[in-house]
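**Student:** Mind folding the following:
(chains A, B, C and D)
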2 protein chains.
Amino acid sequence: MPRPSRQPAPRPRPGFATADRLHSAAIRLLRTLRVEDRASGLSAPRLSALSVLVFGGPRTMSALAQAEQVQPPTITRLVAEMEKDGLVERVRSEADRRVLTVRATPEGRRLLEEGRRRRVARLAAALEALSAADRKLLARAAELIEQVARPE
Amino acid sequence: MPRPSRQPAPRPRPGFATADRLHSAAIRLLRTLRVEDRASGLSAPRLSALSVLVFGGPRTMSALAQAEQVQPPTITRLVAEMEKDGLVERVRSEADRRVLTVRATPEGRRLLEEGRRRRVARLAAALEALSAADRKLLARAAELIEQVARPE
DNA sequence: TATATTTAGTTAGCCTAGCTAACTAATAAT
DNA sequence: ATTATTAGTTAGCTAGGCTAACTAAATATA
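**Tutor:** Okay, the predicted model is just below:
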């Protein structure tokens, strides 16, 4: 008996099952590592913004909003509070006086890197349960994911 | 010249570099897929809680709080609002009348699964840029990550 | 059995972080 | 010169985080 629906049967993409498993694994991985974030004393939005600035470099308010997938007013306030706490600095652009460039302060960078070290250390400890070959496979997988997960 | 620090030189763990790369890759991956979440009309905390209930099954308020790594009052309110919106239900336990079990409603499940489908579809599309062998490698990597990222 | 302790969850009240709408100031286009 | 566009802010609302203090049920203890 044919399917009664009006739409054609969904053609299964080759990588759908893999995508599903990879998606779940990534969620579970980050959920597990997130427990280390409490120790930093920074909220999730602050850690996330700081990570963009530290690992991706300084950028304008708008660019930061886009990276964080939030609206501009959210960034205005977040950055204002973070600046008050000495985590970031805003610099007015000479070329275009409307534009503000935000960058992490040394203190902000230090805090973020410390937190990241804790997360990565926990993951590294967990990876020791694997064989060297499996770790190698994961390293390669990380490369592939970076390749594929380019923000469009 | 020996290092002047008081602590012994940090012995590099075998998997530290791999852990670092994997961590970055996972962050970038989920950041990329997150753009699909707007379409669900649900906030990040709601999607996250719903995902625990749908994929991990019903659980008590406390267990949900622990899974979400938030304090009990946060869950009380989140669940109350989600119940009002028909996403979850609370059921008083017969055995212990203090305990409430939370579960997703069919509507909650439907919304979550739709959203997940969108995220996974986007990832699957991206994976088509890879060779079948590379996709196979990622499937294996997902298994390894699941193995390693057990919430302790 | 009566009381005390522990446990599950809620309420109150505060702060941060999300949003839209409406604004200012600077630049670019007409 | 004027108009339109762009970058960011302000105002004001809602959702979601916290701690402290509470209620009610279950468990332990005197």
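**Student:** Tell me which helix or strand comes right after the helix or strand hosting A:Thr74.
**Tutor:** Assigning secondary structure by DSSP states H and E places A:Thr74 in helix A:72-84. Scanning forward in sequence from helix A:72-84 by DSSP H and E, the next helix or strand is strand A:88-92.
**Student:** what residues does the helix holding A:Thr74 touch?
**Tutor:** Contact with helix A:72-84 is made by A:45-46, A:49-50, A:61-62, A:64-65, A:68, A:88-90, A:102, A:108, as judged by C-beta atoms under 8 Å, 6 or more residues apart in numbering or on different chains. Quick note: C-beta positions are derived from backbone N, CA and C, even for glycine.
**Student:** so which two of these are the farthest from each other?
**Tutor:** Farthest apart among the contacts of helix A:72-84 by C-beta to C-beta are A:Ser62 and A:Gly108. That separation is 19.8 Å.
**Student:** Who are the contact partners of the residue nearest to the spatial centre of chain A?
**Tutor:** When C-alpha atoms, centre = their mean is applied to chain A, the residue found nearest the centroid is A:Ser48 (6.3 Å). Residues near A:Ser48 by C-beta under 8 Å, 6+ apart: A:Glu68.
**Student:** let's go with 10 Å and repeat that
**Tutor:** A:Ser48 makes contact with A:Leu42, A:Ala67, A:Glu68, A:Gln69, A:Val70, A:Leu78, A:Leu112, B:Ile27, B:Arg31, according to C-beta atoms under 10 Å, 6 or more residues apart in numbering or on different chains.
**Student:** Show me which of the contacts of helix A:72-84 are buried.
**Tutor:** Neighbour-count burial (16 or more other C-beta atoms under 10 Å in any protein chain shown) is assigned, among the contacts of helix A:72-84, to A:Arg46, A:Ala49, A:Leu50, A:Met61, A:Leu64, A:Ala65, A:Glu68, A:Val88, A:Glu89, A:Val102, A:Gly108.
**Student:** which one among the residues you listed gets closest to DNA strand D?
**Tutor:** Closest approach between those and DNA strand D, by C-beta to the nearest atom of the strand: A:Met61, at 3.7 Å.
**Student:** What pLDDT is listed against that closest one?
**Tutor:** A:Met61 carries a pLDDT value of 98.
**Student:** next one: A:Gly15
**Tutor:** Per-residue pLDDT puts A:Gly15 at 78.
**Student:** Am I right that it is in contact with B:Ala132?
**Tutor:** Yes. With contact defined as C-beta atoms under 10 Å, A:Gly15 reaches B:Ala132; the gap is 8.9 Å.
**Student:** So the two - more neighbours on which side?
**Tutor:** A:Gly15 (25 against 9; other C-beta atoms under 10 Å in any protein chain shown).
**Student:** residues touching the more buried one, list them.
**Tutor:** A:Gly15 makes contacts with A:22, A:148, B:120, B:123-130, B:132, B:134-136, B:138-139, as judged by C-beta under 10 Å, 6+ apart.
**Student:** Which parts of chain A are helices?
**Tutor:** In chain A, the helices defined using DSSP state H lie at A:16-33, A:44-56, A:61-68, A:72-84, A:106-127, A:132-148.
**Student:** So which of those helices is the most surrounded?
**Tutor:** Neighbour counts (mean count of other C-beta atoms under 10 Å in any protein chain shown) averaged over each of the helices of chain A peak at helix A:16-33, with a mean of 21.
**Student:** ok so, going back, can you tell me which of the contacts of A:Ser48 comes closest to DNA strand D?
**Tutor:** Nearest to DNA strand D out of the contacts of A:Ser48 is A:Leu78 (C-beta to the nearest atom of the strand; 9.3 Å).
**Student:** now chain A, which segments are flagged as low pLDDT?
**Tutor:** A:1-13, A:151-152 (pLDDT under 70).
**Student:** Residue numbers of it in contact with DNA strand C?
**Tutor:** Residues of chain A lying close to DNA strand C by C-beta under 7 Å from any atom of the strand are A:43, A:45-46, A:68-71, A:73-74, A:77-78, A:81, A:95-98.
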